[in-house]
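*Asks:* Give me a 3D structure for the following:
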Amino acid sequence: MSNVTEEYDAMPFYGDAVPHAHPAFLETVARLRGMQPAPAVRARVLELGCGVGTNLLPMAERYPEAQFLGVDLSGRQVEMAQAVARDCSLANVEFRQADVLQLGDELGEFDYVFTHGVYSWVDEAVRDKLLALSRQCLAEQGVAYVGYKTYPAWHQFEMIRAMMHYSSQSAHARAEKIAGARSALSALQGLLSPQGPRHEALLAEVARVTALPDGYLWHEYLEAVNHPVYFHQFLTHAVAQGLQFVGDGAVGVRWFDDLGTQMEAPLAAAFPDPIQREQYRDVVRNRSFRQTLLCRSDLALSPRTLPAMLQGLYVEAAFAPVNAQLDPCATTNEDFVHRAGGRVGTADRLLKAALCELGQAWPGFLRYEELIAAACRRLSDAGCPPTPAEIEQLEVTVVDCCERLVMQLHSHAPLFVTRPSESPVVSELARVQARQGATVANRRHEPVAINPLDRWLLLQLDGQVTQAQLIEKATSECAAGKLLVAKHGVPVRSQEEARRFFDAEVPAALLRMAEAALLVS
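*Replies:* Sure thing, here's the model as predicted:
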């Protein structure tokens, strides 16, 4: 274990926030399995292998009434996480240097336990302890999350890893080993042909790895331990530790993947056991990473999601009707376009009304009961009130839309503002992260890439500066050469150019930040 400590002390791993490694998501999935999990806003949360705190710190900032503990073997990473917590005055999070092999009952009980990017990077004894500790610390209705590498895709990735190790085997210094690994990637890119059999996917992975920063490449591909597993092997390990399968982060709130009707029917006929089916789905999808959710094995879980389980949850969907003059009473098919791309069509009057209501509320959410009522009201106001059968069908359809990711579910209302105020505000953590890197964690627990103007704005948004003052300051600093921006690739230099540029760009950037869930009240 001392070698692991030295590696991460020498080269810390700077990850991003992991959207589904978050208590609000785990709470939502657990409720849809019939559990009664703790509310994320007041939860007790443990992260094993917390690194520099990039996943835990945004949770602590978002939920001041909750309590957080991060544990990591690397003293340097723990010190870095503690420094950010101090800078942001986050008193509800603790970071502790410790070896998980030495931990036990003294940790206490937690509602949510996270282990992301550790299980496949450590030896067997530590893997055993990670799962045992997750079960030991888990509250009765708690949920654990484990992120790990999976086969079959890692069979292919192991070839790349092996060539990187082979190319750097004679090197001793870390920088030399990384250079040797990159030379292997370069050689593979020159030798593999896009037209060659089985080469296309391999080339795509080589290109992805080549673009990784040195720290990520080192910890992901060049460390001594690399332990991918098949899903069924991981689950056997978890069951032996008193845990059972709840769901998987990559597939959203549904707990199994879905290959579509044509493939699901023969799969169900051949394999009655759902875990077997899920393993075969991994083969078809060629999955390389899993985000498995677990709970105590003595809990009875619901085999399916019922509409009543959505009560108290919040629904989100960023759809707009293609036909701006949509007739609420018509039963003709209408198409809806998602802001991020994609299209759905339906002739169901109430579903069309619900999609319109959600689109108008976006980037906010609507409480499930409020959504059903608003959709009904839309039809009633148009003179064609829905029938009880239509309302019952809408409730079932919303469940189906959530499981198919047409709509998203959340355990609580948005903790961000959906429109910029006159004096916009971002969290202190967002300002610290803007100073440190190229991404900032938003209030959805997503990493948001920022450009130079975004970074400058984030550093100003403490609620004490108006939008007009932001434009004035940006114009002045640009003219003085302190803020560098470009329009259509041409640098903006003169005060007159800068004024025109920021008059348009500052309000647009603030609106973009609101839609990206970066602005707070």
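
*Asks:* Relative to the whole chain's centre, how far out is stretch 398-405?
*Replies:* Averaging C-alpha positions (C-alpha atoms, centre = their mean, to the nearest Å) puts stretch 398-405 19 Å from its chain's average.

*Asks:* Quick one: mean pLDDT over that stretch.
*Replies:* Taken as a whole, stretch 398-405 carries a mean pLDDT of 93.

*Asks:* Output it as PDB, nothing but the C-alphas.
*Replies:* Taking C-alpha atoms only, stretch 398-405 is exported to PDB below (Å, rounded to 0.1, in the frame of the first residue of the first chain):
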ATOM      1  CA  VAL A 398     -44.400   9.400 -17.300                       C
ATOM      2  CA  VAL A 399     -42.900   6.300 -15.600                       C
ATOM      3  CA  ASP A 400     -42.000   4.900 -19.000                       C
ATOM      4  CA  CYS A 401     -40.600   8.200 -20.200                       C
ATOM      5  CA  CYS A 402     -38.400   8.400 -17.100                       C
ATOM      6  CA  GLU A 403     -37.100   4.800 -17.600                       C
ATOM      7  CA  ARG A 404     -36.400   5.600 -21.200                       C
ATOM      8  CA  LEU A 405     -34.600   8.800 -20.300                       C
END
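
*Asks:* List the buried residues of it.
*Replies:* Residues 398-399, 401-403 are the ones in stretch 398-405 that count as buried (16 or more other C-beta atoms under 10 Å). All C-beta spots, glycine's among them, are computed from the backbone N, C-alpha and C.

*Asks:* With secondary structure and distance to Phe25 added, can I get these in a markdown table?
*Replies:* Listed next are the buried residues of stretch 398-405 as a markdown table, based on DSSP: H, G, I helix; E, B strand; the rest coil; distance: C-beta to C-beta, whole Å:
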| residue | secondary structure | distance to Phe25 |
| --- | --- | --- |
| Val398 | helix | 18 |
| Val399 | helix | 17 |
| Cys401 | helix | 18 |
| Cys402 | helix | 13 |
| Glu403 | helix | 15 |
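
*Asks:* Dihedrals phi and psi, Arg285?
*Replies:* Per-residue torsions, Arg285: phi -80, psi -20 (degrees, to the nearest 10).

*Asks:* That one: what's its closest spatial neighbour, skipping adjacent residues?
*Replies:* Asp257 (6.6 Å; C-beta to C-beta, 6 or more residues apart in numbering).

*Asks:* repeat for Pro507
*Replies:* Gln467 is the one closest to Pro507 (C-beta to C-beta, 6+ apart), at 6.6 Å.

*Asks:* give me the number of residues near that neighbour?
*Replies:* As a burial measure, Gln467 scores 15 neighbours (other C-beta atoms under 10 Å).

*Asks:* now the one 3 residues further on
*Replies:* Applying other C-beta under 10 Å, we find 21 other residues in the vicinity of Leu470.

*Asks:* same deal with Ser476?
*Replies:* 15.

*Asks:* Please tell me how far it sits from Gly463.
*Replies:* 21 Å (C-beta to C-beta, to the nearest Å).

*Asks:* With Ala173 instead?
*Replies:* 48 Å.

*Asks:* what's the answer for Leu222, then?
*Replies:* Distance from Leu222 to Gly463, by C-beta to C-beta: 44 Å.

*Asks:* repeat for Phe256
*Replies:* If you measure Phe256 against Gly463 using C-beta to C-beta, the figure is 45 Å.

*Asks:* who's more crowded, those two?
*Replies:* Phe256 (16 against 12).

*Asks:* Where do the helices of the stretch 101-250 of the chain begin and end?
*Replies:* Ranges of helices in the stretch 101-250 of the chain, per DSSP state H, counting those that start in this stretch, are 124-137, 153-167, 174-191, 199-210, 214-217, 231-240.

*Asks:* Rounded mean pLDDT for stretch 89-103, please.
*Replies:* Mean predicted confidence for stretch 89-103 is 96.

*Asks:* Buried residues, that stretch. List them.
*Replies:* Buried, per 16+ other C-beta under 10 Å, within stretch 89-103: 90, 93-95, 100, 103.

*Asks:* end-to-end on that stretch?
*Replies:* Using C-alpha to C-alpha, to the nearest Å, the end-to-end distance of stretch 89-103 comes out at 27 Å.

*Asks:* which element is the residue nearest to Arg285 on?
*Replies:* Using DSSP states H and E, Asp257 sits in no helix or strand.

*Asks:* Contacts only, for Phe25.
*Replies:* 19, 249, 411, 445 (C-beta atoms under 8 Å, 6 or more residues apart in numbering).

*Asks:* Turn these into CSV, columns for secondary structure, neighbour count and pLDDT.
*Replies:* Output for the contacts of Phe25, formatted as CSV (DSSP: H, G, I helix; E, B strand; the rest coil; neighbours: other C-beta atoms under 10 Å; pLDDT from 0 to 100):
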residue, secondary structure, neighbour count, pLDDT
Pro19, coil, 17, 94
Gly249, helix, 23, 92
Ser411, coil, 21, 97
His445, coil, 21, 96
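
*Asks:* picking that back up, next one: the residue nearest to Pro507 from Ala430, what distance?
*Replies:* The value you get for Gln467 to Ala430, if C-beta to C-beta is used, is 18 Å.

*Asks:* cool, Val490 as well?
*Replies:* 30 Å.

*Asks:* more crowded one of those two?
*Replies:* More crowded of Val490 and Ala430, by other C-beta under 10 Å: Ala430, with 26 against 8.

*Asks:* and the strand ranked longest in the chain, what does it pack onto?
*Replies:* Scanning the chain for the strand with the most residues, using DSSP state E, yields strand 138-149. On a contact count with 3 or more C-beta pairs under 8 Å, 6 or more residues apart in numbering; DSSP states H and E, strand 138-149 meets helix 23-32, strand 110-116, helix 124-137, helix 231-240, strand 289-296.

*Asks:* can you rerun that using 10 Å?
*Replies:* Here strand 138-149 touches helix 23-32, strand 44-48, strand 110-116, helix 124-137, helix 231-240, strand 243-248, strand 289-296, going by 3 or more C-beta pairs under 10 Å, 6 or more residues apart in numbering; DSSP states H and E.

*Asks:* The helix ranked longest in the chain: which residues count as buried?
*Replies:* In the chain, with assignment by DSSP state H, the single longest helix is helix 495-515. Judged by neighbour count (16+ other C-beta under 10 Å), helix 495-515 contains these buried residues: 497-499, 501-502, 505-506, 509-510, 513-515.

*Asks:* Just give the nearest non-adjacent residue to Glu278, would you?
*Replies:* Per C-beta to C-beta, 6+ apart, closest to Glu278 is Phe256, 5.6 Å.

*Asks:* Relative to Phe271, how far out is that neighbour?
*Replies:* Per C-beta to C-beta, Phe256 is found 12 Å from Phe271.

*Asks:* Identify the contacts common to those two.
*Replies:* Common contact partners of Phe256 and Phe271 (C-beta atoms under 10 Å, 6 or more residues apart in numbering): 277-278.

*Asks:* so where's this protein uncertain?
*Replies:* 1-3, 197 (pLDDT under 70).

*Asks:* that older thread, most tightly packed of the helices of the stretch 101-250 of the chain?
*Replies:* helix 124-137 (a mean of 19; mean count of other C-beta atoms under 10 Å).

*Asks:* for that helix, packing partners?
*Replies:* So helix 124-137, by 3+ C-beta pairs under 10 Å, 6+ apart, packs with strand 44-48, strand 110-116, strand 138-149, helix 231-240, strand 243-248, strand 289-296.

*Asks:* ok and that helix relative to strand 138-149, angle-wise?
*Replies:* With axes from the mean of the first three to the mean of the last three C-alpha atoms, to 10 degrees as the basis, helix 124-137 and strand 138-149 are set at 150 degrees to each other.

*Asks:* So what's the gap between helix 124-137 and the chain middle?
*Replies:* 24 Å.

*Asks:* before we move on, what about stretch 422-433?
*Replies:* 20 Å.

*Asks:* Secondary structure class of Asp335, three-state.
*Replies:* Under DSSP: H, G, I helix; E, B strand; the rest coil, Asp335 falls in the strand class.
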